[in-house]
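A.B. asks: Okay, predicted coordinates and the sequence, questions at the end:
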Amino acid sequence: IGMGLTGFGVFFLFFGMILFFDKALLAIGNVLFVAGLAFVIGLERTFRFFFQKHKVKATGFFLGGVFVVLIGWPLIGMILEIYGFFLLFRGFFPVVVGFIRRVPVLGSLLNLPGIRSLVDKVGESNNMV
């Protein structure tokens, strides 16, 4: 159930952005994504993840963006959400980059000269999750 909710949430967020920041689709996507995350890792772990002391700023931006989308300002809300998302999940990016580099076609694309320097910066990690 959790993976389905999260997947539908990502789909609705993506579809809402493609349709010029449609308020209803973005709101549904936000609710489904957060509910799916809670179903996947559990309520207690979700609260512990979002409300750690060093992630208060990131959580504020992410949940503030969700709130701003829900009250009807989708563009500003999505900017806040994306910034908060990158702050929240920046510890996972090196793991994701390492995984993608091992995928046959995508790994060769990430090693292209222009993309490699950008991916190396994203793949660097100076702190753990």
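C.D. replies: Sure, I can see it.
A.B. asks: can I see the domain layout of the chain?
C.D. replies: According to the TED database, the chain comprises the domains 1-90, 93-128.
A.B. asks: Adding mean pLDDT and mean neighbour count, write these out as JSON lines.
C.D. replies: Bear in mind the C-beta positions are built from the backbone N, C-alpha and C, glycine included. Formatted as JSON lines, the domains of the chain follow (pLDDT from 0 to 100; neighbours: other CB atoms under 10 Å):
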{"stretch": "domain 1-90", "mean pLDDT": "93", "mean neighbour count": "16"}
{"stretch": "domain 93-128", "mean pLDDT": "83", "mean neighbour count": "11"}
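A.B. asks: contacting residues for residue 70?
C.D. replies: Residue 70 makes contact with 27, 30, 77 under the criterion CB atoms under 8 Å, 6 or more residues apart in numbering.
A.B. asks: close enough to count as contact, the last one and residue 68?
C.D. replies: Yes: using CB atoms under 8 Å, residue 77 makes contact with residue 68 at a distance of 3.5 Å.
A.B. asks: how about the nearest residue to residue 39 once chain neighbours are set aside, what does it touch?
C.D. replies: Leaving aside its sequence neighbours, residue 39 sits nearest to residue 2 (CB to CB, 6 or more residues apart in numbering; 3.0 Å). With contact taken as CB under 8 Å, 6+ apart, residue 2 is in contact with 36, 37, 38, 39, 40, 41.
A.B. asks: how about a cut-off of 6 Å?
C.D. replies: Neighbouring residues of residue 2 by CB atoms under 6 Å, 6 or more residues apart in numbering: 36, 39, 40.
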